[in-house]
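Peer 1: I need the structure of the sequence given here:
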Amino acid sequence: MKCRSGWITGSIIIVVLTGCTDMGSEPEADEITFSNHIQTILNHNCTTNNPPCHEGVNASDGLNLSEGESYTNLVNVASSYAGLLLVQSGNADNSVLYLKVTGDSQTGERMPPSGYSRLSDGQITEIRTWIDEGAENN
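Peer 2: The predicted model follows:
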């Protein structure tokens, strides 16, 4: 009997632990994702302005932020600002994208430029959170 009760207890523990394991299928509801949050911000503020500044082959400063292009053009890519990457995974304070949307003087003019709507505090927070959490392509 002792072996049987041990087997049952072990089985219950395995079932409980398996049920608690995150299989990575879907991001949590409050998780900031590149595709659902960051690309949406870029689409509405960088590629669809009149004129679209960061879209296609004639993108401003050669920075195409169109869907399907933006991630590889941003993350861990060198910038023209000494020592800064466009997006440094895990470090928004050293990422040109974050510094530009907050208006940090070391990266020149704030983006979007004057004459266009600024990003909301919530959008800026989403960008910072995404970068600080590793700037994943999710």
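Peer 1: lowest-confidence helix or strand of the protein?
Peer 2: Here the helix or strand of the chain ranked lowest by mean pLDDT, DSSP states H and E is helix 2-20, holding a mean of 44.
Peer 1: after that helix, which helix or strand is next? Please name it.
Peer 2: For helix 2-20, the following helix or strand on the C-terminal side (DSSP states H and E) is helix 39-42.
Peer 1: for that next one, C-alpha coordinates in PDB please.
Peer 2: Extracted as PDB, the C-alpha positions of helix 39-42 are listed here (Å, rounded to 0.1, in the frame of the first residue of the first chain):
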ATOM      1  CA  GLN A  39       4.200  48.800 -34.200                       C
ATOM      2  CA  THR A  40       0.700  50.300 -33.800                       C
ATOM      3  CA  ILE A  41       2.300  53.500 -32.300                       C
ATOM      4  CA  LEU A  42       4.800  53.600 -35.200                       C
END
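Peer 1: ok now that helix, how far from the chain's centre?
Peer 2: Centroid separation for helix 39-42 versus its chain: 9 Å, with Cα atoms, centre = their mean, to the nearest Å.
Peer 1: over to stretch 46-66?
Peer 2: Worked out by Cα atoms, centre = their mean, stretch 46-66 lies 19 Å from the chain centre.
Peer 1: gap between D61 and E133?
Peer 2: Distance of D61 to E133, given as Cβ to Cβ, to the nearest Å: 26 Å. (Glycine included, C-beta is placed from N, CA and C.)
Peer 1: and these two? which has more neighbours close in?
Peer 2: Neighbours per residue (other Cβ atoms under 10 Å) separate D61 from E133, with E133 holding more: 14 against 9.
Peer 1: show me the contacts for the more buried one.
Peer 2: 32, 90 (Cβ atoms under 8 Å, 6 or more residues apart in numbering).
Peer 1: cutoff 7 Å now
Peer 2: By Cβ atoms under 7 Å, 6 or more residues apart in numbering, E133 lies in contact with I32.
Peer 1: where does the prediction get shaky in this protein?
Peer 2: 1-29, 50 (pLDDT under 70).
Peer 1: count the residues that sit near S35.
Peer 2: S35, neighbours per other Cβ under 10 Å, totals 12.
Peer 1: quick one: it from I41, how far?
Peer 2: 11 Å.
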